[in-house]
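>>> Next input, structure requested:
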Amino acid sequence: MSTEHEARRGQASGEDGAGPEQPGERAPCVVDVHAHVVVDAMVDGPDAVDADHATSRIVEGSRRLFVGGKELGSVVGEFFDPAVMLAQARLAGIDRLVLSPWVQLLPGEMSARSASRQCEVQNASLAAMVASDPLRLSALGAVPIAHPREATRVLDEACDAGLCGLELPASAAGYLGDPSLEPFWARAEARQAVLFVHPSTHGVGVPALEHHYLWNTVGNPMETAIAAATLALGGVLERHPDLVVVLAHAGGALPALAGRLGHGQRAVAAASGRLTEPIRASLARFYVDTITHDPRLLRHVVEDFGAEHVLCGSDRPFDMGDPDPVGTVRSAGLDPADEAAVLGGNALRLITRATGSTPAAAR
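Predicted coordinates:
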């Protein structure tokens, strides 16, 4: 997947001041692109989701999320207050968070009107969070992706409100491969919006995954790989080469399957999809975060996708997140320019493209 990337390596730090630190300069801005937040309006007030689905309660002086009447035990950090999230992130050496909704609060099977309303409420709250601290916050909004016409409208509204893109559940709309989404991809490319593909937690319907937490450790990476493969084989990235699609959890199982997908394209007619280019050319256009839980694996991911396509991420506030994403990157043995790009330069470049202005923290 790295054939196109060596020539672009020098662009990794962009023009945003986030390159390697020079004597007398401050350290580069470190950006966490994978940080989830629950906005108040989704769990309290007239637009809140069903209390059986999600609600919040104060327990021992802190606000907790409850699902189906039970506390969500996988939450190990702040989930509601971006100021507290920033303080916790700073302890891990992170300067800026790119917030995105908890994936279970992205609209599922509901009417276009209800789905659009749920997204508009979340996106307004996310935009207000960004406006309250633009030095340290960016955000990706929700989108009614199952309804393409509404999705395109919500995309424009989110970008106009100052969000840098949208979060997409991996298994939505036939794993994002539905041809009806073509106008959405075209608009997202034109807006230079960041599209963050995140597993929906139970998108792979295999009963064995309900044991041993496998729905998360194995099912989530597989769901992301399926979404990426359908996007690539559907020709979406070939038709829209400037589309910015970020895959959660370092691309999930995709890196391990790249060779098999390539052989399938060459050997089996049905495996070629709508592609006219080698599938590795499409796979190379994806961006991924750093959540590998293994610096050695992260180094391979950087080699596969190119350093300029890898973004620091934590998956806060969940137990399967990386509690020390900066340490993981710095333990991967990257050269200084690549390390600086992964830690923040790449993310700042994409945020700048999407919003039309350089984030103040990067100036």
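>>> Pull the distance from the helix or strand containing residue 167 to the chain's centre.
Using DSSP states H and E, residue 167 sits within strand 165-169. Here strand 165-169 shows a centroid-to-chain-centroid distance of 7 Å under the convention C-alpha atoms, centre = their mean, to the nearest Å.
>>> mean confidence score for that strand?
For strand 165-169, mean pLDDT is 97.
>>> Name the strands paired with that strand and say parallel or antiparallel.
Strand 165-169 has the following strand partners under DSSP bridges: strand 137-141 (parallel), strand 194-198 (parallel).
>>> Could you list the alpha-carbon positions for it in CSV?
Output in CSV follows, covering the C-alpha atoms of strand 165-169 (Å, rounded to 0.1, in the frame of the first residue of the first chain):
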residue,chain,number,x,y,z
GLY,A,165,-16.2,16.3,9.0
LEU,A,166,-18.4,13.4,10.0
GLU,A,167,-18.4,10.0,11.7
LEU,A,168,-19.8,7.1,9.8
PRO,A,169,-20.8,3.7,11.3
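>>> right, and the helix or strand after that strand?
Following strand 165-169 in sequence, per DSSP H and E, is helix 172-175.
>>> helices or strands up against that following helix?
helix 220-233 (3 or more C-beta pairs under 8 Å, 6 or more residues apart in numbering; DSSP states H and E). In this view, the C-beta of every residue, glycine as well, is placed from N, C-alpha and C.
>>> Give me the distance between whatever helix or strand comes next after the helix it packs on and the centre of its chain.
Once the chain leaves helix 220-233, the next helix or strand it forms, by DSSP H and E, is helix 236-239. Here helix 236-239 is found 19 Å from its chain centre; the criterion is C-alpha atoms, centre = their mean.
>>> pLDDT (mean, whole number) over helix 236-239?
The model assigns helix 236-239 a mean pLDDT of 97.
>>> now swap in stretch 260-279 and tell me
For stretch 260-279, mean pLDDT is 95.
>>> Go through the strands paired with strand 165-169 and pick out the most buried.
strand 137-141 (a mean of 28; mean count of other C-beta atoms under 10 Å).
>>> can I have it written out in CSV, keeping just the CAs?
Extracted in CSV, the C-alpha atoms of strand 137-141 (Å, rounded to 0.1, in the frame of the first residue of the first chain):
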residue,chain,number,x,y,z
LEU,A,137,-11.0,21.3,20.1
SER,A,138,-12.2,20.1,16.7
ALA,A,139,-15.1,17.8,16.0
LEU,A,140,-16.7,15.3,13.6
GLY,A,141,-20.4,15.3,13.5
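>>> now what about that strand, what contacts it?
The contact list for strand 137-141 (C-beta atoms under 8 Å, 6 or more residues apart in numbering) reads 82, 86, 96-101, 119, 122-123, 126-127, 129-130, 154, 158, 161, 163-167, 194, 196, 351, 355, 359.
>>> Can you tell me which of those end up in strands?
Those of the contacts of strand 137-141 mapping onto strands are 96-101, 165-167, 194, 196, per DSSP state E.
>>> Residue 64: which of those is nearest?
residue 101 (17.7 Å; C-beta to C-beta).
>>> Now do the same contact list for the nearest residue to that closest one once chain neighbours are set aside.
Among residues not flanking residue 101 along the chain, residue 142 sits closest, at 5.1 Å (C-beta to C-beta, 6 or more residues apart in numbering). Shown in contact with residue 142 (C-beta under 8 Å, 6+ apart): 101, 105-107, 118-119, 122-123, 154, 166-167.
>>> Contacts for the strand holding residue 167, please.
Contacts for strand 165-169 (C-beta under 8 Å, 6+ apart): 100-101, 103, 106, 140-143, 145, 154-155, 158-159, 176, 188, 193-200, 203, 244, 354.
>>> ok, back up a step: adding distance to residue 331, write the ones in strands among the contacts of strand 137-141 out as a markdown table.
Converted to a markdown table, the ones in strands among the contacts of strand 137-141 look like this (distance: C-beta to C-beta, whole Å):
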| residue | distance to residue 331 |
| --- | --- |
| 96 | 21 |
| 97 | 22 |
| 98 | 22 |
| 99 | 26 |
| 100 | 26 |
| 101 | 30 |
| 165 | 29 |
| 166 | 32 |
| 167 | 28 |
| 194 | 26 |
| 196 | 25 |
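>>> List buried members of those by neighbour count.
By neighbour count, with 16 or more other C-beta atoms under 10 Å, the ones in strands among the contacts of strand 137-141 hold 96-101, 165-167, 194, 196 as buried.
>>> Adding distance to residue 227, write the contacts of residue 142 out as CSV.
Converted to CSV, those look like this (distance: C-beta to C-beta, whole Å):
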residue, distance to residue 227
101, 17
105, 19
106, 14
107, 17
118, 21
119, 19
122, 21
123, 22
154, 20
166, 14
167, 13
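>>> Buried members of the residues you listed into PyMOL, please.
The buried residues among the contacts of residue 142 can be selected in PyMOL (16+ other C-beta under 10 Å) with this line:
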select buried, resi 101+105+106+107+118+119+122+123+154+166+167
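>>> Okay, and which of the contacts of residue 142 map to helices?
118-119, 122-123, 154 (DSSP state H).
>>> tell me which helix or strand of the protein sits lowest on mean pLDDT?
helix 172-175 (a mean of 82; mean pLDDT, DSSP states H and E).
>>> Name the residues of whatever helix or strand comes next after it that are buried.
Downstream of helix 172-175, the next assigned helix or strand under DSSP H and E is helix 182-191. For helix 182-191, burial by neighbour count (16+ other C-beta under 10 Å) applies to 184-185, 187-189, 191.
>>> low-scoring pLDDT stretches of the stretch 201-350 of the chain, where are they?
Scanning the stretch 201-350 of the chain for pLDDT under 70 picks out the ranges 203.
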